[in-house]
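Participant: Coordinates for the following, if possible.
(one chain, ligands or ions: 1)
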Amino acid sequence: MLTIKDILARNHTWSEQVRRDDPDYFSRAAAAQAPEVLWIGCSDSRVGPDSLVSLPMGSIFVHRNIANIFATNDLNCLAVLEYAVDELHIPNIVVCGHYRCGGIHAAMQHSGIQPIDLWLDQVRYVYHRHTLELDHLDEEQRWRRLAELNVESQVHNIARNTIIREAWRRGQEVNIIGVIYDIHDGLLHQTGVQFSSYEEWQATQARG
Ligand code: CO
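Facilitator: Model prediction:
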């Protein structure tokens with residue numbers, strides 16, 4: 001079992017390695033952060049963003065929760081978005097879902113009154129909006145498709161948020177992009193939903 005001693009030892013080794021490779025790294029990091037990506041991802045231990053896009057620390061501003069939800073009534077989500085857009089002026093917001101997501105699976109199985117059930121109700125709403133499509137699929141396909149639809153739904157939740165609309169209105173660059181991580185081969189794929197302006201987002205609303 002991994003103990004705190006192991007964790008500290010690994011940290012020590014890592015810090016020395018970074019200093020060896022890039023002697024100024026920590027003084028630069030201490031001065032400021034200038035990330036170009038806000039990452040909304042799942043808490044799942046297998047989907048850590050810095051590793052899977054191979055960017056150094058300092059590149060990605062991260063918010064993670066179970067099933068990569070952008071909950072419009074969650075202060076945590078809203079504060080992260082506000083800081084990322086209004087203070088850090090991050091141009092890319094990536095919502096990253098993943099296949100074989102335990103949160104998505106749980107949302108398909110049951111409901112209840114525990115905190116995790118209540119949290120995942122937000123994925124159940126996505127399911128209910130797409131029952132016609134999802135009910136035709138077998139369980140494995142439904143699990144995959146719901147993960148994709150959930151990403152799209154969270155991209156919409158971000159796009160219609162006042163923080164984003166205000167940023168677009170004043171001409172700030174903000175691209176909101178949905179991706180899905182395939183845990184079987186480590187590859188990211190775009191889900192096809194992406195907005196870079198209010199007009200782009202509005203056009204999808206008119207069709208719906
Ligand atoms: Co997950």
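Participant: The residue nearest the centre of the chain pairs with what?
Facilitator: Nearest to the geometric centre of the chain sits I40, at 2.0 Å (C-alpha atoms, centre = their mean). Note on I40: beta-bridge partners by DSSP bridges are H63, V95.
Participant: now stretch 160-172: mean pLDDT?
Facilitator: The pLDDT scores in stretch 160-172 average 97.
Participant: Report the backbone C-alpha coordinates of it in PDB.
Facilitator: Extracted in PDB, the C-alpha atoms of stretch 160-172 (Å, rounded to 0.1, in the frame of the first residue of the first chain):
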ATOM      1  CA  ARG A 160     -25.100  29.800 -21.900                       C
ATOM      2  CA  ASN A 161     -23.500  31.000 -18.600                       C
ATOM      3  CA  THR A 162     -23.400  34.800 -18.100                       C
ATOM      4  CA  ILE A 163     -19.600  34.700 -17.500                       C
ATOM      5  CA  ILE A 164     -19.100  33.400 -21.000                       C
ATOM      6  CA  ARG A 165     -21.700  35.500 -22.600                       C
ATOM      7  CA  GLU A 166     -20.200  38.700 -21.100                       C
ATOM      8  CA  ALA A 167     -16.700  37.600 -22.200                       C
ATOM      9  CA  TRP A 168     -17.900  37.100 -25.800                       C
ATOM     10  CA  ARG A 169     -19.800  40.400 -25.700                       C
ATOM     11  CA  ARG A 170     -16.600  42.300 -24.900                       C
ATOM     12  CA  GLY A 171     -14.800  40.400 -27.700                       C
ATOM     13  CA  GLN A 172     -12.700  38.100 -25.500                       C
END
